[in-house]
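Enquirer: got a sequence here, can you build the structure:
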Amino acid sequence: AFSAVGLSQMSIGVDLADVIPKGTPAYDFIDARFKYFNLWNFDVVTKGIQYPTEQQAILDLHDSILQSPGVTESATLWITELHTFARNS
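Expert: Residues are numbered from 1 along each chain as shown. Below you'll find the model as predicted:
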């Protein structure tokens, strides 16, 4: 299962726009970046999973996250890399 409880309430440090003087090229860049390219990276942490027997469940979880609204891209899943390595070895 996937849980994002409290994700919208999470705060990490200070926004760059709060420390860069307004009216500067750097501020304009940061402002445009946040306005048009506001992406948030996240990781899914799995605990208590028996990886040898739950590989399909992990792949299904990854696929369901990719189908979620707002998810635009994904890095290659480690299990996919493992399968590719095993097939090519």
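Enquirer: what's the following helix or strand after the worst-scoring helix or strand of the chain on mean pLDDT?
Expert: Across the helices and strands of the chain, mean confidence by mean pLDDT, DSSP states H and E is lowest for helix 25-36: a mean of 85. As assigned by DSSP states H and E, the chain's next helix or strand after helix 25-36 is helix 55-66.
Enquirer: ok, residues contacting the least confident helix or strand of the chain?
Expert: 15-17, 20-21 (CB atoms under 8 Å, 6 or more residues apart in numbering). (Each C-beta comes from the backbone N, C-alpha and C, glycine too.)
Enquirer: do the same with stretch 67-75
Expert: Contacts for stretch 67-75 (CB under 8 Å, 6+ apart): 39, 62, 65-66.
Enquirer: show me where the protein dips below the pLDDT cut-off.
Expert: 1-14 (pLDDT under 70).
Enquirer: quick one on the thing from earlier: looking at the contacts of helix 25-36, which is nearest Q50?
Expert: Checking those against Q50 with CB to CB, the nearest one is D15 at 41.0 Å.
Enquirer: distance of the nearest residue to the closest one once chain neighbours are set aside relative to Q67?
Expert: Among residues not flanking D15 along the chain, F34 sits closest, at 7.7 Å (CB to CB, 6 or more residues apart in numbering). In this view, F34 and Q67 are 26 Å apart by CB to CB, to the nearest Å.
Enquirer: comparing the two, which residue is more hemmed in?
Expert: With neighbours defined as other CB atoms under 10 Å, F34 and Q67 compare such that F34 has more, 12 against 8.
Enquirer: contacting residues for the residue in the chain sticking out farthest from the centre?
Expert: Distance from the C-alpha centroid of the chain, by CA atoms, centre = their mean, peaks at G23 (31.4 Å). Shown in contact with G23 (CB under 8 Å, 6+ apart): no residues.
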